[in-house]
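Colleague: please work out how this folds:
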Amino acid sequence: MADKLDEIFTLQKSLERMMDLDRYPKDTEAKLSALCTAMMHEVVELQRTTNWKWWKKPTSFNQSEAREELIDIWHFLIQASMELGLTPDDILKEYQRKNEINKQRQKDGY
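Modeller: You can find the predicted model right below:
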């Protein structure tokens, strides 16, 4: 898994080098805030691919469109990870650590 995540990080770094970052915030906190905003908007775009409006006539679910929106979220998530200095190995370790906490919470009736 780490090698695939390494490749995703490499691709994100390549994309970042191509971007005009004049309007991108300069400090880490502001960058994270901007990236959170971007992710929230992408999550809304992902939600719009679903039939969450119970009062509206349902439409066919477009899985391809939903996947594209999810990947947009991944772009911003990987960028946020990089801004915090996380490596793919760090992400795996932190995920494993938090996963154990979440499992214990479920066992404890969280």
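
Colleague: could I get the contacting residues of the closest residue in space to L35 that isn't next to it in sequence?
Modeller: Closest residue in space to L35, ignoring its immediate chain neighbours: A80 at 4.4 Å, by CB to CB, 6 or more residues apart in numbering. For the C-beta atoms, the positions are set from N, CA and C on the backbone; glycine is no exception. By CB atoms under 8 Å, 6 or more residues apart in numbering, the contact set of A80 is K31, L32, L35, C36, M39.

Colleague: where's the first one relative to K107, distance?
Modeller: Relative to K107, K31 is positioned 37 Å away (criterion: CB to CB, to the nearest Å).

Colleague: can you pick out the residue with more neighbours from those two?
Modeller: Neighbours per residue (other CB atoms under 10 Å) separate K31 from K107, with K31 holding more: 18 against 8.

Colleague: the helices in this protein, which residues?
Modeller: In the chain, the helices defined using DSSP state H lie at 2-18, 28-47, 63-83, 88-107.

Colleague: could you dump the ones you listed to JSON lines with mean pLDDT and distance to K57?
Modeller: What follows is these, written out as JSON lines (pLDDT from 0 to 100; distance: least, CB to CB, whole Å):
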{"stretch": "helix 2-18", "mean pLDDT": "94", "distance to K57": "38"}
{"stretch": "helix 28-47", "mean pLDDT": "98", "distance to K57": "17"}
{"stretch": "helix 63-83", "mean pLDDT": "98", "distance to K57": "18"}
{"stretch": "helix 88-107", "mean pLDDT": "97", "distance to K57": "38"}
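
Colleague: thanks a lot, catch you later.
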